[in-house]
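Trainee: Structure here, sequence nowhere to be found:
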Ligand SMILES: Cc1ncc(COP(=O)(O)O)c(C=O)c1O
């Protein structure tokens, strides 16, 4: 079996000649020019004009009053929680189907993550949230998974009914909207990630957005050790060093300048996948009335066995894929008899993300879909 795999791998290398990665950033704008400006000016650390410019433009793009940058999306979440004064003895409700950072940011603030199931829309299920609300609940984290919006109408209602904060985890959802408003402008506070595989990148980086000045001020202080201003070394609270560098912000600004183009291309990519895979037992996310920004084109197949076999087949053909996140409640740190999330388990076991980067060529999509069709016993697409 090992020899066969090695043979197939070598054959594939010769045939394909390259590997199609799941993601590659799209750095074909003013990135180099702005980076060179940083180097020329010597402002390579967290002081410099690009940090302010990126924050202002980002706030404008999302449609919020305030945005403060930081060194990654996890830090943005941690700052969001800290700036709401959530800590020891408090609980924060979040979905089982998410990246571990959502839960870690709660734990790193000393609070307890309360894990609930998702609905058929893959997003946190408001009914499950209601069941878990109690006196210790301080916030709900709405993770807009794979770029799709949560049911924010319901979640906002719950947050108002029980007077708990609504935090949006927009790491995967930059640019998408809900009822005409950009995600990240609807809850009390939101966190974004600019990791290299995100819709726009700064290398590593994150942003917190809010319309609440107090939250903005607290987060801005906490990301620089609790300083009011860094220059006078007077600190008013405990804090972290979570600042973004001018170099990262320079890349971020250049990326933001072409975000519409990037999203447009990603929507086209998804349309092509839908068209070429339409005759297969593959389920695409059903969008009733909202568009997506397709961070990753993610689909469901029949069951986990098929999913794993398909992934292996695509790997052997030079195509990189990703499984869904493991539901949090199945990980060793969170495993408990009391947590039941059957929907998250079903979706996670069947989910597969396909190459989705803006530079992906039409002929690459065709090749990937030909291979998926071949896996299902259908010969070349026309
Ligand atoms: C849902 C979600 N939340 C938070 C994060 C954390 O972002 P970062 O990797 O920038 O720390 C990610 C990153 O992939 C994510 O997918």
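Mentor: Perfect, I can see it now. All values derive from a computational prediction rather than experimental measurement. Residues are numbered from 1 along each chain as shown.
Trainee: Only C-alpha atoms from now on, for both contacts and neighbour counts.
Mentor: Noted.
Trainee: Tell me the backbone dihedrals of the residue of the stretch 101-250 of the chain found nearest the ligand, please.
Mentor: Nearest to the ligand in the stretch 101-250 of the chain, going by Cα to the nearest ligand atom, is residue 193, at a distance of 4.1 Å. Backbone torsions of residue 193, given as degrees, to the nearest 10, read phi -120, psi 140.
Trainee: Ignoring the adjacent residues along the chain, who's closest to it?
Mentor: Nearest residue to residue 193, sequence neighbours excluded (Cα to Cα, 6 or more residues apart in numbering): residue 73, at 3.9 Å.
Trainee: OK, contacts around the one you found?
Mentor: The neighbours of residue 73, taking Cα atoms under 8 Å, 6 or more residues apart in numbering as the test, are 171, 191-195, 205-207.
Trainee: hang on, isn't residue 373 packed against residue 282?
Mentor: No - in this structure residue 373 lies outside contact range of residue 282 using Cα atoms under 8 Å: 10.6 Å.
Trainee: Settle it for me: which of the two has more neighbours?
Mentor: residue 373 (18 against 15; other Cα atoms under 10 Å).
Trainee: Please enumerate the strands of the stretch 201-350 of the chain.
Mentor: 206-210, 297-300, 322-323 (DSSP state E, counting those that start in this stretch).
Trainee: same question for the last one, mean pLDDT?
Mentor: When the per-residue pLDDT values of strand 322-323 are averaged, the result is 96.
Trainee: picking that back up, which strand residues sit across from the residue of the stretch 101-250 of the chain closest to the ligand in the sheet?
Mentor: Counting by DSSP bridges, residue 193 is bridged to residue 206.
Trainee: Residue 72 is in contact with that one, correct?
Mentor: Yes - between residue 193 and residue 72 there is a contact at 5.9 Å, judged by Cα under 8 Å.
Trainee: Among those two, which residue is more densely surrounded?
Mentor: Comparing residue 193 with residue 72 by other Cα under 10 Å, the one with more neighbours is residue 193, at 32 against 23.
Trainee: related to what we said a few turns ago, for the residue of the stretch 101-250 of the chain closest to the ligand, which residues are in contact?
Mentor: Contact partners of residue 193, counting by Cα under 8 Å, 6+ apart, are 72-74, 76, 170-172, 201, 204-207.
Trainee: Can you pull the residues of the chain lying near the ligand?
Mentor: Counting by Cα under 6 Å from any ligand atom, the residues of the chain close to the ligand are 72-74, 98-99, 101-102, 143, 169, 171-172, 193-195, 205-206.
Trainee: on that earlier part again, return the most buried member of the strands of the stretch 201-350 of the chain.
Mentor: For the strands of the stretch 201-350 of the chain, the largest average neighbour count (mean count of other Cα atoms under 10 Å) is found in strand 206-210, namely a mean of 29.
Trainee: what's the helix or strand for residue 51?
Mentor: Counting by DSSP states H and E, the element that carries residue 51 is helix 49-62.
Trainee: Other residues contacting that helix?
Mentor: 65-69, 175, 182-185, 207, 209, 244-247, 249-250, 252-253, 256.
Trainee: Which among those residues count as buried?
Mentor: Among the contacts of helix 49-62, those classed as buried by neighbour count (16 or more other Cα atoms under 10 Å) are 66-69, 175, 182-185, 207, 209, 244-247, 249-250, 252-253, 256.
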